[in-house]
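Colleague: from the sequence below, what's the structure:
(one chain, ligands or ions: 2)
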Amino acid sequence: MSILVYGAGGLGLYFSARLAQAGQEVILKARSDAALRGKNEPVSITGDGATEEVHGIRVVDSLDGIQADAAIITTKAWQVEDAARDMSAVLPPDAPVLTTQNGIDAPTRATTFLSNDQVFASTVVVIAERTGPLEVRTIGPEASLTVGSPANQPASRASELISALTAAGVSTTWTDDIAAALWKKLALICSYGGIGAALDANVGQTREDTRARGLVTTAMSEVFSVADAEGVTLTESDFSDDMNIYLKGFSAQTTSSMHRDLLAGRPSELEDQVGAVVHRAQRAGVATPVLDLVYASMAPREAQARRNP
Ligand SMILES: NC(=O)C1=CN([C@@H]2O[C@H](COP(=O)(O)OP(=O)(O)OC[C@H]3O[C@@H](n4cnc5c(N)ncnc54)[C@H](OP(=O)(O)O)[C@@H]3O)[C@@H](O)[C@H]2O)C=CC1
Ligand SMILES: CC(C)(CO)C(=O)C(=O)O
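Modeller: Ligands and ions are numbered 1, 2, ... in the order given. Predicted coordinates for the structure are as follows:
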């Protein structure tokens, strides 16, 4: 199968490497340094102290003349529309396209230029960081994905892509309620990531401090309340799952990518994560005082980063 991976950052390099190692034909849409260097170079993937060089990935900086059977969008959330526009010119209309972004808006953004039926969404659990052009480092286990169709398409429409991911060692589960899966993940990253960013504290530090832990817990329940107002069904056991990941699943040093980007002065996914919740809360008349404060305290930093990217 020929798979277009769009965006050579942490997640894009990770998927490209694993899919190519499993024998898939991978086209990686990169830009800037990664595209220029990548013409004749392998992708290097480091995890568990070992580095593997993966050859055979076709790195391109333009989709002109590209043919692919499926695509995975691995840009940041605010770049999904551009990616979708670009690939809509070359993909067959029935080719499945998988979004991987945190937040809840990526599938809608993708359908600005792609058909509802071909866009599949996923939540991704992995820690993959781009460490240089065509270099990625993973921390912890291989990725696991929950995949579904916002347009209620059957799994069979994306079965070849799902099989390719599974064969590449990425455990992939199908869900009939992808909206719930996206909101559940959003509740996790918005809460520990939002409070972590506002306090500049890692997971270990917010977990150990009673007041900070209370803020994470309240922020999480605020996201659940907004999901409820949006008609998304999340259960108490979903809340416990998220709390367990925060309290027991993450290593103490963990910070969210939104936190790291904000603190480094880079454009972040603040709008797509905390912003997406507080704006919906306002429209639905749901009180989210903790997340409002996180958003208000981080928005000036975000605006500054976007003035000087
Ligand atoms: N990394 C992870 O472990 C996880 C990430 N996610 C989610 O996955 C998404 C991607 O995250 P991550 O990989 O960390 O982000 P990165 O910023 O590392 O990667 C995004 C990449 O997309 C590239 N890109 C953007 N627009 C284009 C374009 N038009 N053409 C070519 N390349 C483009 C960027 O290029 P350039 O560098 O030139 O800007 C960048 O390399 C986010 O929504 C994140 O929340 C979810 C779970 C885990
Ligand atoms: C939860 C985590 C670390 C990995 O899945 C993530 O998605 C992020 O920080 O953006």
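
Colleague: how about L234, secondary structure?
Modeller: L234 carries the three-state label coil when classified by DSSP: H, G, I helix; E, B strand; the rest coil.

Colleague: so what pLDDT did it get?
Modeller: L234 is assigned a predicted lDDT (pLDDT) of 97.

Colleague: which SSE is immediately downstream of the helix or strand containing T146?
Modeller: Using DSSP states H and E, T146 maps to strand 144-148. Following strand 144-148 in sequence order, the next helix or strand is helix 159-167 (DSSP H and E).

Colleague: pLDDT of the very next helix or strand once past that next one, averaged?
Modeller: Counting by DSSP H and E, the next helix or strand C-terminal to helix 159-167 is strand 171-174. Mean pLDDT, strand 171-174: 96.

Colleague: name the residues of stretch 272-288 that are buried.
Modeller: Residues of stretch 272-288 classed as buried by neighbour count (16 or more other C-beta atoms under 10 Å): D272, Q273, V274, G275, A276, V277, V278, R280, A281, V286, T288. Where you see a C-beta, it was placed from the backbone N, CA and C, and this is true even at glycine.

Colleague: and for the closest residue to ligand 2 within the stretch 51-200 of the chain, the neighbour number?
Modeller: Here the residue of the stretch 51-200 of the chain nearest ligand 2 is V125; by C-beta to the nearest ligand atom that distance is 4.5 Å. For V125, the count of nearby residues is 16 (other C-beta atoms under 10 Å).

Colleague: what's the answer for S171, then?
Modeller: Using other C-beta under 10 Å, S171 has 13 other residues around it.

Colleague: which non-adjacent residue is nearest it?
Modeller: Of all residues not flanking S171 in the chain, S144 sits nearest, at 4.4 Å (C-beta to C-beta, 6 or more residues apart in numbering).

Colleague: is the one you found bridged to anything, and to what?
Modeller: V125, S171 (DSSP bridges).

Colleague: so it makes contact with T166?
Modeller: No - the criterion here is C-beta atoms under 8 Å, and S144 misses it with T166 at 10.5 Å.

Colleague: intersection of neighbour lists for those two?
Modeller: Counting by C-beta atoms under 8 Å, 6 or more residues apart in numbering, the residues touching both S144 and T166 are T172.

Colleague: can you put the buried residues of stretch 272-288 in TSV and add distance to G65, pLDDT and secondary structure?
Modeller: What follows is the buried residues of stretch 272-288, written out as TSV (distance: C-beta to C-beta, whole Å; pLDDT from 0 to 100; DSSP: H, G, I helix; E, B strand; the rest coil):
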residue	distance to G65	pLDDT	secondary structure
D272	32	97	helix
Q273	36	98	helix
V274	40	98	helix
G275	38	98	helix
A276	36	98	helix
V277	41	98	helix
V278	43	98	helix
R280	41	98	helix
A281	46	98	helix
V286	49	98	coil
T288	48	98	coil
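
Colleague: want to throw those into TSV with distance to V80?
Modeller: Converted to TSV, the buried residues of stretch 272-288 look like this (distance: C-beta to C-beta, whole Å):
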residue	distance to V80
D272	9
Q273	14
V274	18
G275	15
A276	13
V277	18
V278	20
R280	18
A281	23
V286	26
T288	25
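
Colleague: so which of the residues you listed is the closest to ligand 2?
Modeller: Closest to ligand 2 out of these is Q273 (8.3 Å), distances taken as C-beta to the nearest ligand atom.

Colleague: would you check that the closest one makes contact with G196?
Modeller: No - assessed by C-beta under 8 Å, Q273 is found out of contact with G196, at 11.7 Å.
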